[in-house]
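Undergrad: from the sequence below, what's the structure:
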Amino acid sequence: MDHAWYSAPSDFWGNLTPGVRTDLENLGARTRFQKHDMVFRAGSDGRDVHVLMSGRVKIYALSPVGRAVTLWFCLPGEIFGLAEMARSSPRTVYAEACTDAEVLILPCDRLRTLLLSDATTAMQLVDMLSCRLRQLSDVMLNLIADDVNTRVAKLLLRLHARYGRALETGGYLLDLPLTHQEMADMIGTTRQSVSSAVTLLRQRGLLTTTDHRLCLTDPERLAELAETASTGQAGQRSAATPAGTTDIGLKS
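TA: Numbers count the residues shown, from 1 in each chain. Below you'll find the model as predicted:
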C-alpha cells in the first residue's frame, strides 16, 4: 500500500551509523520522564531537539477554546521538537509522556553544526520531515473531504502502520492504549461519532477488541473501502449532488 496513512514510523535513531549515534550522545543528555510528565509546553523555548529512546510521547496542541488536539504519537527512535530548530522560536505544541520515557535532549546549535558536516544525517531528517508533512496534509484533506466514518477508518489504518502487530490468531493488534475521545481529537470530531463508527466497523467484521486494544481483522479490505468512500464523496461534490455517501461498507 502506498497511501499516506500506511507510512511506517521513522526510526531516526536506528537508521544512524554507530559513529553518528555516539556523536549525538556526546552532544546531548538523556533525561527520564514519568508518565504524564511534560517534556515541553507551548510557549517554552525551542532551543532543543528530542530523540525518544524508550516509552511513548504524545504531541498535541490546544484549540482557542482549550480543546486538546492530538497531532501524533512518538515511538522509540523517532525525533521530535524539530519545528523550532531553524529559528529557536517558542514552542507551539505540547509533548507529554504517555508512559515512563527516556529522551535524548540535543541542543539545536550543536545539532545544526553536526548536520552541516554530515549530509547523510541531514538528508535523513529532510526525508522524515517530508514524510511527516505528507501525512499531515493527508489528515487535513480528510477533515475537509471525508465523512466521519471514513476519517475513522483512515485513522485506524494510520495507527495500524505505526503500531500494528500481527497476532497468531489472525488480525493486527493496534498496540496503543487509545480512548475514543483521543481518536476524536485526532480527526476533529466527537467521541460519540467515533464510538458509532467503531461499532459500525465491528458489525462489518473489520474491527474487534483484544486485551482492551483495537484489532484490525483485514487492513487491506478496510483500505479499499476507505479509498472507495473518498472517491465516491469527491464524485458527489463535483457533481453537486446532495450530501450523503454510497453504502460501500463504511456508512451505517
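Undergrad: against residue 45, how distant is the nearest residue to residue 197 once chain neighbours are set aside?
TA: Spatial nearest neighbour of residue 197, excluding adjacent residues (C-beta to C-beta, 6 or more residues apart in numbering): residue 152 at 3.9 Å. Every C-beta, even on glycine, is put in place using the N, C-alpha and C of the backbone. Distance of residue 152 to residue 45, given as C-beta to C-beta, to the nearest Å: 37 Å.
Undergrad: the two: who's more crowded?
TA: Taking other C-beta atoms under 10 Å, residue 152 and residue 45 do not tie; residue 152 has more neighbours (28 against 12).
Undergrad: quick one: contacts for that one?
TA: Contact analysis of residue 152 by C-beta atoms under 8 Å, 6 or more residues apart in numbering lists 183, 187, 193-194, 197-198, 201.
Undergrad: for the protein, which segments count as helices?
TA: For the chain, the helices defined by DSSP state H occupy 18-27, 108-117, 119-145, 148-163, 180-187, 191-203, 219-238.
Undergrad: arrange these in a markdown table, one row each, with mean pLDDT and distance to residue 50 as further columns.
TA: Putting these into a markdown table (pLDDT from 0 to 100; distance: least, C-beta to C-beta, whole Å) gives the following:
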| stretch | mean pLDDT | distance to residue 50 |
| --- | --- | --- |
| helix 18-27 | 94 | 12 |
| helix 108-117 | 92 | 11 |
| helix 119-145 | 80 | 13 |
| helix 148-163 | 88 | 18 |
| helix 180-187 | 86 | 21 |
| helix 191-203 | 94 | 29 |
| helix 219-238 | 76 | 30 |
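Undergrad: could you dump the ones you listed to TSV with distance to residue 86?
TA: Below are the helices of the chain laid out as TSV (distance: least, C-beta to C-beta, whole Å):
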stretch	distance to residue 86
helix 18-27	18
helix 108-117	9
helix 119-145	11
helix 148-163	26
helix 180-187	27
helix 191-203	36
helix 219-238	34
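Undergrad: out of those helices, deepest packed?
TA: Among these, the stretch with the highest mean neighbour count (mean count of other C-beta atoms under 10 Å) is helix 148-163, at a mean of 23.
Undergrad: distance from the chain centre to that helix, please.
TA: Centroid displacement of helix 148-163 relative to its chain, using C-alpha atoms, centre = their mean, to the nearest Å, is 10 Å.
Undergrad: closest to residue 173 out of the helices of the chain?
TA: When those are compared by C-beta to C-beta, helix 148-163 sits nearest residue 173, at 8.4 Å.
Undergrad: now the closest one - C-alpha only, CSV.
TA: What follows is helix 148-163, C-alpha atoms only, in CSV (Å, rounded to 0.1, in the frame of the first residue of the first chain):
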residue,chain,number,x,y,z
VAL,A,148,-16.7,10.7,10.0
ASN,A,149,-16.8,7.0,9.2
THR,A,150,-14.2,7.3,6.5
ARG,A,151,-12.0,9.5,8.7
VAL,A,152,-12.1,6.9,11.5
ALA,A,153,-11.2,4.2,9.0
LYS,A,154,-8.2,6.1,7.7
LEU,A,155,-7.1,6.9,11.2
LEU,A,156,-7.2,3.2,12.1
LEU,A,157,-5.1,2.5,9.0
ARG,A,158,-2.5,5.1,10.0
LEU,A,159,-2.4,3.7,13.5
HIS,A,160,-2.0,0.2,12.0
ALA,A,161,1.0,1.3,10.0
ARG,A,162,2.7,2.7,13.1
TYR,A,163,1.5,0.5,15.9
